[in-house]
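Undergrad: Provide a 3D model corresponding to the input given below.
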Amino acid sequence: MLSEVRNPGRTWQWCETVATEAVEPGATVEESVAGLRPWASRLLRGGEHRDGFYHAFLVEADEDGEFDTYHSTHVEDLVWFYDSEYVLAG
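TA: Sure thing, here's the model as predicted:
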């Protein structure tokens, strides 16, 4: 799941889901984690998203198809600005 951080750095900050995609059937958790950032970067490069701060979550849906990002298997943070991903130094 890819979500955009809305109203970042302020008291009323929230995340808005902008894309979801099922992982490949039979993929291991390690394979899914390795593909998470490239998947999110590919979506952002597609040009449909604005500059901002994004979280890519690897989550497991329950029997109703619902998921909770607070219980994600893995999270990647992405800063997208001027059609490029900015990587934090350090």
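
Undergrad: Show me the beta-bridge partners of Arg6.
TA: On the basis of DSSP bridges, Arg6 takes part in beta bridges with Trp14.

Undergrad: Okay, and the nearest residue to Asp77 once chain neighbours are set aside sits in which element?
TA: If you skip the residues right next to it in sequence, Asp77 has His55 as its closest partner in space, 5.9 Å away by Cβ to Cβ, 6 or more residues apart in numbering. In this view, the C-beta of every residue, glycine as well, is placed from N, C-alpha and C. Here His55 is covered by strand 52-58, with elements defined by DSSP states H and E.

Undergrad: partners of that strand in the sheet?
TA: Next to strand 52-58 in the sheet, as set by DSSP bridges, lie strand 2-6 (antiparallel), strand 74-81 (antiparallel).

Undergrad: hmm, who's touching it?
TA: By Cβ atoms under 8 Å, 6 or more residues apart in numbering, the residues outside strand 52-58 that reach it are 1-5, 8, 15, 18, 23, 29, 32-33, 36-37, 39-40, 44, 69, 72-81.

Undergrad: buried residues in that strand?
TA: Neighbour-count burial for strand 52-58, counted by 16 or more other Cβ atoms under 10 Å, picks out Phe53, Tyr54, His55, Ala56, Phe57, Leu58.

Undergrad: pLDDT score assigned to the second one?
TA: Listed pLDDT for Tyr54 reads 92.

Undergrad: Tell me the spacing between it and Thr28.
TA: 24 Å (Cβ to Cβ, to the nearest Å).

Undergrad: can you check the last one too?
TA: Taken as Cβ to Cβ, the spacing of Leu58 relative to Thr28 amounts to 12 Å.

Undergrad: Report the beta-bridge partners for the most centrally placed residue in the chain.
TA: Taking Cα atoms, centre = their mean, the centroid of the chain lies closest to Ala56, which sits 1.5 Å from it. With DSSP bridges as the criterion, the beta-bridge partners of Ala56 are Leu2, Glu76.
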